[in-house]
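J.: when you get a sec, could you give me coordinates for this:
(4 chains)
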Protein chains: 2
Amino acid sequence: MNDDPDIRQVLWQLAFQFKVSSKRAVRDYDLPLNGMHIRLLHMIRRHPDCTAQQIASVTGRDKAQITRVIKELEGMALITRTPDPEDRRAQLLSLNEKGRGLMARIKDAEDDVKKTLLKGINKKDQNTFIEIGNRMLDNLREH
Amino acid sequence: MNDDPDIRQVLWQLAFQFKVSSKRAVRDYDLPLNGMHIRLLHMIRRHPDCTAQQIASVTGRDKAQITRVIKELEGMALITRTPDPEDRRAQLLSLNEKGRGLMARIKDAEDDVKKTLLKGINKKDQNTFIEIGNRMLDNLREH
DNA sequence: TTCATATGGTTGACAACATCAACTAGTGAA
DNA sequence: TTCACTAGTTGATGTTGTCAACCATATGAA
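T.: Predicted structure coming up:
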């Protein structure tokens, strides 16, 4: 009844193997980053002048975690924080030159993983997977 | 160019939200377990008299981690370890009465998550998702 | 204006999971 | 018997997730 190819098994294993592959790619490309660094760099590039709070809310992560990762990224001189003129509690985040430079190598590493992941899977199936996956995500997020 | 619904984003978020939901279900059902405990209990139930090595190899996890989780499960008196008569290095794992009893409650908790996850997604789409997911898994696993 | 309350961010502490290396004890083949 | 290999254990350390307490600022109601 619940013994056959179980969706939870697939999700669990897929998450794990995907993480393993990503980690290996990051090492192969000699990037001084971990997964969370990379995700945040993406978000900051995509949403310039966003705040830590926005990132926390979009990703669903705890703001404490976001704070720490941002501090590390700033420590590596990849991003800059400027006080929000409209709200002095908040700080606007953006990639600096070095950060933008790193993104190119990050993209290469990620494309390696993506290429492996999607080998032999046609565009239509990819989109189907993403579409169903997003529906599941919506289900989980709305409690 | 790579800005559209990205498959990595979906995998990353799905893994995270799935973990969050599972964790909440485990808490709601007052189970004294974490995710890894539950996965191993499943495996041991499905493959009676399996060894730690087999679990490590099937799941792709480090054997050190498996050792520790098994020790915890034994400490909670959910499984028993009996020396393999054919190989005195190995130990055969199996659920005991208490372990089997817990599985019922685990199943309830997991079914809650599954029900949320799959709400409004028909059987055909579920199978499609699993099928494509497994192909991705194969891709990742074969290097 | 003032006060209660809410929000953005920081910090500390800790749990869960992953990784790597070194080690013991047992196996099996030359 | 010796040597390479395997099952399992232990220690150390890194990454990610969670919770609670806290500071500074913002905002709405009295």
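
J.: for the strand or helix carrying residue A:132, the averaged confidence score.
T.: Following DSSP states H and E, one finds residue A:132 within helix A:123-141. For helix A:123-141, the mean per-residue pLDDT is 97.

J.: and that helix, is it in reach of DNA strand D?
T.: No - Helix A:123-141 stays clear of DNA strand D (CB under 7 Å from any atom of the strand), getting no nearer than 12.1 Å. C-beta: built from backbone N, CA, C; applies to glycine.

J.: would that helix count as contacting chain B?
T.: Yes - on the criterion CB under 8 Å from any CB of the partner chain, helix A:123-141 is in touch with chain B at A:125-126, A:128-130, A:132-137, A:139-141.

J.: if you count neighbours, what's buried in that helix?
T.: Under the neighbour-count criterion of 16 or more other CB atoms under 10 Å in any protein chain shown, helix A:123-141 has A:125-126, A:128-130, A:132-133, A:135-137, A:139-140 buried.

J.: packing partners for that helix?
T.: Using 3 or more CB pairs under 8 Å, 6 or more residues apart in numbering or on different chains; DSSP states H and E, the elements in contact with helix A:123-141 are helix B:7-28, helix B:97-117, helix B:123-141.

J.: show me what the helix or strand that the longest one is followed by is packed up against.
T.: Counting by DSSP H and E, the next helix or strand C-terminal to helix B:7-28 is helix B:35-46. Applying 3+ CB pairs under 8 Å, 6+ apart, we find helix B:35-46 packed against helix B:7-28, helix B:52-59, helix B:63-75, strand B:91-95, helix B:97-117.

J.: output the below-cut-off pLDDT ranges for chain A.
T.: Across chain A, the ranges flagged by pLDDT under 70 are A:1-5.

J.: which ones are touching the most centrally placed residue in it?
T.: Closest residue to the average C-alpha location of chain A: residue A:39 at 2.7 Å, with CA atoms, centre = their mean. Going by CB atoms under 8 Å, 6 or more residues apart in numbering or on different chains, residue A:39 touches A:59, B:12.

J.: residues of chain A that sit close to DNA strand C?
T.: Neighbours of DNA strand C within chain A, by CB under 7 Å from any atom of the strand: A:16, A:19-20, A:23, A:51-54, A:63-64, A:67-68, A:70-71, A:81, A:84, A:87, A:89-91.

J.: give me the buried subset of those residues.
T.: Looks like the residues of chain A next to DNA strand C have A:16, A:51-52, A:70, A:81, A:90-91 buried, using 16+ other CB under 10 Å.

J.: pick out the most distant pair among the residues you listed.
T.: Farthest pair in those (CB to CB) is A:16 and A:90. Separation: 35.6 Å.

J.: and the gap between residue A:74 and residue A:68?
T.: To residue A:68, residue A:74 is 11 Å away according to CB to CB, to the nearest Å.

J.: gap between the residue of chain A found nearest chain B and residue B:131?
T.: Using CB to the nearest CB, residue A:15 is the residue of chain A that sits closest to chain B, at 3.3 Å. Residue A:15 is 18 Å from residue B:131, where distance means CB to CB.
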